[in-house]
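A.B. asks: Any chance you could fold what I've pasted below:
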Amino acid sequence: MEFNRDKFKALVLYIIWRAGERRDFGSTKLNKVLWFAEARANEAFGQPIAGETYIRDKFGPRPKHILEIQGELENEGLISVWSEPFFDHKITRFRAFQPPDTSVFSPEELSLIDWWIKHIDESHTAASISEKSHDYAWQIAAMGEQLPLYAFLASRIREPRDEELDWAKEEAKTLGLK
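C.D. replies: Here you go, the predicted model:
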């Protein structure tokens, strides 16, 4: 899917409208909602919501155009962006001044976006949701490298457990490896 700038802009405004003024909802959580909503939409519907490109950044996947879009929304008087102290660091905060046009989203997309807003806002801190986005694909990508939306599906092969481990040890003995 080609990047739909207008839809991405509406998506950013929608998320800020729904969650921007919540106490600990800042740029980290905004970026995580965008990443997980787009990646899960790609998996569930066969295409992302807006087709944004995500880049490996220090704090997880970052939308390539997020700062441009935030600047446009701020210049158009649709949002305000500011930083404030939050515990031992600063948090970038947002406020939306009017609701976005949601007609660009399907009901399924809105439902998915709403789920991720609620889940990330209520069940995670910025640090805990960052851990979730620092998955295997993020870890193996170079800083600044593009992360494909299906990257969240990548995982390491886990260590064998219980019966699997017992079987592997027996096989190793049988083969004279241990």
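
A.B. asks: what ranges do the helices span in this structure?
C.D. replies: All helices of the chain, identified by DSSP state H, fall at 5-19, 27-45, 66-75, 107-123, 126-133, 136-140, 162-174.

A.B. asks: Serialize the ones you listed to CSV and add fields for distance to residue 92 and mean neighbour count.
C.D. replies: Quick note: C-beta positions are derived from backbone N, CA and C, even for glycine. Rendered in CSV, the data for the helices of the chain read as follows (distance: least, Cβ to Cβ, whole Å; neighbours: other Cβ atoms under 10 Å):
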stretch, distance to residue 92, mean neighbour count
helix 5-19, 11, 22
helix 27-45, 4, 21
helix 66-75, 9, 16
helix 107-123, 16, 16
helix 126-133, 11, 16
helix 136-140, 21, 15
helix 162-174, 45, 11
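
A.B. asks: any idea which of these scores lowest on pLDDT?
C.D. replies: Considering those one by one, the lowest average pLDDT is found for helix 126-133, at a mean of 54.

A.B. asks: returning to that earlier point: can I get the helices of the chain in CSV including distance to residue 89?
C.D. replies: Formatted as CSV, the helices of the chain follow (distance: least, Cβ to Cβ, whole Å):
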stretch, distance to residue 89
helix 5-19, 19
helix 27-45, 10
helix 66-75, 19
helix 107-123, 18
helix 126-133, 9
helix 136-140, 21
helix 162-174, 42
